[in-house]
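Engineer: The sequence and its predicted three-dimensional model are supplied below.
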Amino acid sequence: MPRPFSLTTRLLAGCLALALGTAQATETHAAKAPHGTPAAHADEHEHGSELAQVKGAVDAIINANQRYMKTHAPGYFQRFADKQAPRATVITCSDSRVQTAGFAADAVNDLFMVRDIGNQLATAEGSVEYGVRHLHTPLLMIVGHAVCGAVKAASSDYSGIEPAIAKELATINIPKGIDVTDGVLLNVNNQVDAALLKFAGEVESGRLAVIGAFYDFRNDLRQGYGKLVITNINGETEPARIRDIVSSGRFFQYNVAQP
């Protein structure tokens, strides 16, 4: 009986077939509208800027990856090739201005990153739970940021937006018309409260600290451009007490803030 092909072999064959099919489709298209025809020129003119943007982005990503490979020996990757061991689960907004380089020198195998609009627990609950309960990270950090578009949208009328986006905005519970910075800080506190409720067992037993923070690339809090400002630790929002917790490192001794 012939030996069945492995999954890898089938995937490679599928990729080859896709590549051949794409090449044939390209040749057919070229035959129908050769370069230099009015149709070809019209298409290039209409989509020229988008094509240039995509090409630039793909080239930059490939080049960055090649530089990364050259500056990291195989041993670097072999350390985590078979298992991840992050120290923290981090929920951040999908906003392109918020990247781990702003608060982590090397997040590889160190931060279990979860991203969604508005840095929410509700819309990425499974991913967050996996980080806390399966990867056993002792820290869950929720990072909001300056001028968050999701917060701005959630505090205004978004009835005309696409349903899938509206569904995610609906779980950002902030008042309509609230100042965007106040809205971001409130949303971070709400997310911390939700995490404390969901992971109450881990928090109360001293196995999980939940921290809220504000990534301030616009210096709205007047503590410096790009500052990551910790605004909530296990429900504690008083700045003086937060400073004390951070300086002492007693994150598990303040499980839930007292009234």
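Structural biologist: Arrived safely.
Engineer: what about residue 196, how many residues close to it?
Structural biologist: 21 (other CB atoms under 10 Å). Every C-beta, even on glycine, is put in place using the N, C-alpha and C of the backbone.
Engineer: how close does it get to residue 110?
Structural biologist: Remark: distance between residue 196 and residue 110 (CB to CB, to the nearest Å) = 24 Å.
Engineer: quick one: contacts for residue 222?
Structural biologist: Residue 222 sits next to no residue when contact means CB atoms under 8 Å, 6 or more residues apart in numbering.
Engineer: Now do it against residue 176, distance only.
Structural biologist: The span separating residue 222 from residue 176 equals 26 Å under the rule CB to CB.
Engineer: How about residue 55?
Structural biologist: According to CB to CB, residue 55 stands 42 Å off from residue 176.
Engineer: which secondary structure element contains the closest residue to residue 208 other than its chain neighbours?
Structural biologist: The spatially closest residue to residue 208, leaving aside those adjacent along the chain, is residue 202, at 3.7 Å (CB to CB, 6 or more residues apart in numbering). Here residue 202 sits within helix 200-204, counting by DSSP states H and E.
Engineer: Please spell out which residues along that helix are buried.
Structural biologist: Of the residues in helix 200-204, 202-203 count as buried by neighbour count, 16 or more other CB atoms under 10 Å.
Engineer: Pull it out as CSV, backbone CA atoms only.
Structural biologist: Written as CSV, here are the backbone C-alpha positions of helix 200-204 (Å, rounded to 0.1, in the frame of the first residue of the first chain):
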residue,chain,number,x,y,z
ALA,A,200,-10.3,36.2,41.5
GLY,A,201,-8.9,32.9,42.6
GLU,A,202,-5.4,33.5,41.2
VAL,A,203,-5.3,37.1,42.6
GLU,A,204,-6.6,36.2,46.1
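Engineer: what helices or strands is the helix or strand following that helix leaning on?
Structural biologist: Downstream of helix 200-204, the next assigned helix or strand under DSSP H and E is strand 209-216. If you count contacts as 3 or more CB pairs under 8 Å, 6 or more residues apart in numbering; DSSP states H and E, strand 209-216 packs onto strand 139-145, helix 180-198, strand 227-233.
Engineer: try it again with 10 Å
Structural biologist: Packing contacts for strand 209-216, counted by 3 or more CB pairs under 10 Å, 6 or more residues apart in numbering; DSSP states H and E, involve strand 88-93, strand 139-145, helix 180-198, helix 200-204, strand 227-233, helix 239-248.
Engineer: Would you give the sheet partners of that strand, along with the direction of each?
Structural biologist: Sheet pairing here is set by DSSP bridges, and for strand 209-216 it gives strand 139-145 (parallel), strand 227-233 (antiparallel).
Engineer: how far is the first one from where the chain is centred?
Structural biologist: On the basis of CA atoms, centre = their mean, to the nearest Å, the separation between the geometric centre of strand 139-145 and that of its chain is 11 Å.
Engineer: And the last one, by the same measure?
Structural biologist: Strand 227-233 has its average C-alpha position 18 Å from the chain's average C-alpha position, going by CA atoms, centre = their mean.
Engineer: what's the average pLDDT for that strand?
Structural biologist: Mean per-residue pLDDT for strand 227-233: 98.
Engineer: That one versus helix 239-248: what angle between them?
Structural biologist: Computed by axes from the mean of the first three to the mean of the last three CA atoms, to 10 degrees, the angle separating strand 227-233 from helix 239-248 equals 100 degrees.
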